[in-house]
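Trainee: test case, fold it:
(one chain, ligands or ions: 3)
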Amino acid sequence: MVDTTHIVFFSPTHTSAKIARAIGDGIGMERRIETDLTLDESITPIEIKNALTIIAVPVYAGRVAPIALQRIRRLKGENAPVVLVAVYGNRDYEDALVELRDETTRLGFTPLAAGAFIGEHSYSRPGMPVAEGRPDANDLQIAEQFGKDCLKKLKNSEAPADFFIKGNVPYRYVAPSTPAAPLCTEECFACGECIEICPTHAIYLNQEGKIETEIAKCIKCCACVKECPNGARIFDTPYTPMLHEKCAARREPELFL
Ligand SMILES: Cc1cc2nc3c(=O)[nH]c(=O)nc-3n(C[C@H](O)[C@H](O)[C@H](O)COP(=O)(O)O)c2cc1C
Ligand code: SF4
Ligand code: SF4
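Mentor: Ligands and ions are numbered 1, 2, ... in the order given. Predicted coordinates for the structure are as follows:
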């Protein structure tokens, strides 16, 4: 008997979390558990049974963000039905949803439905926006309705049937990327906020009390850039103008159930 909604996400810039919560609102079960894996490096297993589970992850390079994949491997789904959610920055999600389906099946979940949603791109900047402000009210309303439809599907089917999810196997090849990290400018007043919110704990204060970043640990999520209260962190990448120019046309959520 499924009596709980269990919301799981990895979400450095909060867009995957917003979508996951809106789907949870739509499902509307009284008992609701939230597991935020963004800052959680523990490997202690999390067993999930009798819960309609939502797993939401960002898309990096058309695949599930590798660190999100790593973090969700703690989950043990004891046949729990799962709603798969990939959130991408208005370029494309390519094979992320099929990859998430395959991984969660290996972890013991039973996929029930899947959705690709749009979130403001990690590389979006003031003056050069990419999907700025997404998910917006319309996206969240679609997510909430999707949650309702997922619950309906669960109630109407003894064992969820196979359903189509867009994407390919083998998954898109992703070449190793050049290590890089945001720069810290003179505007930094060493408040430590970025240290707290970095999902890989790549940022630290050096002996002179200055902010440093361990480049090898940085996943370029841009959480520190977006959260710095003084706009002191800058990630200068040629992708920003390219995405701003080529991915301006609004994309809409795609749902599979
Ligand atoms: C390294 C990296 C690669 C990304 N690759 C893609 C991509 O292939 N397609 C896309 O549309 N967005 C891509 N994005 C943007 C994120 O998917 C998007 O901003 C998402 O909303 C971030 O989720 P979060 O807010 O939960 O962290 C990428 C972001 C980063 C940091
Ligand atoms: S959040 Fe900004 S101001 Fe605070 S320590 Fe980090 S870079 Fe400096
Ligand atoms: S240092 Fe890198 S990994 Fe850490 S928050 Fe900033 S962009 Fe993300």
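Trainee: rest of the way, CA atoms for contacts and neighbours
Mentor: Noted.
Trainee: tell me the contacts of I46?
Mentor: By CA atoms under 8 Å, 6 or more residues apart in numbering, the contact list for I46 reads 74-76.
Trainee: now the residue nearest to K226 when sequence neighbours are not counted: how far from A137?
Mentor: Once flanking residues are discounted, K226 sits nearest to T13: 7.5 Å by CA to CA, 6 or more residues apart in numbering. Distance of T13 to A137, computed by CA to CA, to the nearest Å: 17 Å.
Trainee: and A61, by the same measure?
Mentor: Using CA to CA, we find A61 at a distance of 26 Å from A137.
Trainee: which of those two has more neighbours?
Mentor: Using other CA atoms under 10 Å as the criterion, A61 and A137 rank with A61 on top: 19 against 10.
Trainee: so how far is ligand 3 from the residue nearest to that one when sequence neighbours are not counted?
Mentor: In this structure, A61 finds its nearest non-sequential neighbour in V174, 6.8 Å apart by CA to CA, 6+ apart. Per CA to the nearest ligand atom, to the nearest Å, V174 is found 19 Å from ligand 3.
Trainee: V225 - that's part of a strand, no?
Mentor: No: counting by DSSP: H, G, I helix; E, B strand; the rest coil, V225 is not part of a strand but helix.
Trainee: ok, it touching G231?
Mentor: Yes: V225 lies in contact with G231 (CA atoms under 8 Å); the separation is 6.9 Å.
Trainee: okay, the two: which has more neighbours?
Mentor: Shown here are V225 and G231; by other CA under 10 Å, V225 has more neighbours (23 against 14).
Trainee: now do the contacts for that one.
Mentor: V225 makes contact with 182, 231-235, according to CA under 8 Å, 6+ apart.
Trainee: by neighbour count, which of these wins?
Mentor: The residue in those with the most neighbours, by other CA under 10 Å, is R233 (23 neighbours).
Trainee: what's across from that residue in the sheet?
Mentor: Beta-bridge pairing for R233 (DSSP bridges): C184.
Trainee: what sits against it?
Mentor: R233 is in contact with 182-185, 188, 224-225, counting by CA under 8 Å, 6+ apart.
Trainee: what is the nearest of the residues you listed to ligand 3?
Mentor: Nearest to ligand 3 among the contacts of R233, counting by CA to the nearest ligand atom, is C224 at 4.2 Å.
Trainee: which residue packs closest to that closest one, ignoring adjacent ones?
Mentor: Using CA to CA, 6+ apart and skipping the chain neighbours, the partner closest in space to C224 is C194 (5.0 Å).
Trainee: would you mind measuring from the one you found to I203?
Mentor: 7 Å.
Trainee: what of P111?
Mentor: 36 Å.
Trainee: give the helix, strand or coil label for the closest residue to ligand 3 within the stretch 1-150 of the chain.
Mentor: Across the stretch 1-150 of the chain, the shortest distance to ligand 3 (CA to the nearest ligand atom) belongs to P12, at 7.2 Å. With three-state DSSP as the basis, P12 sits in coil.
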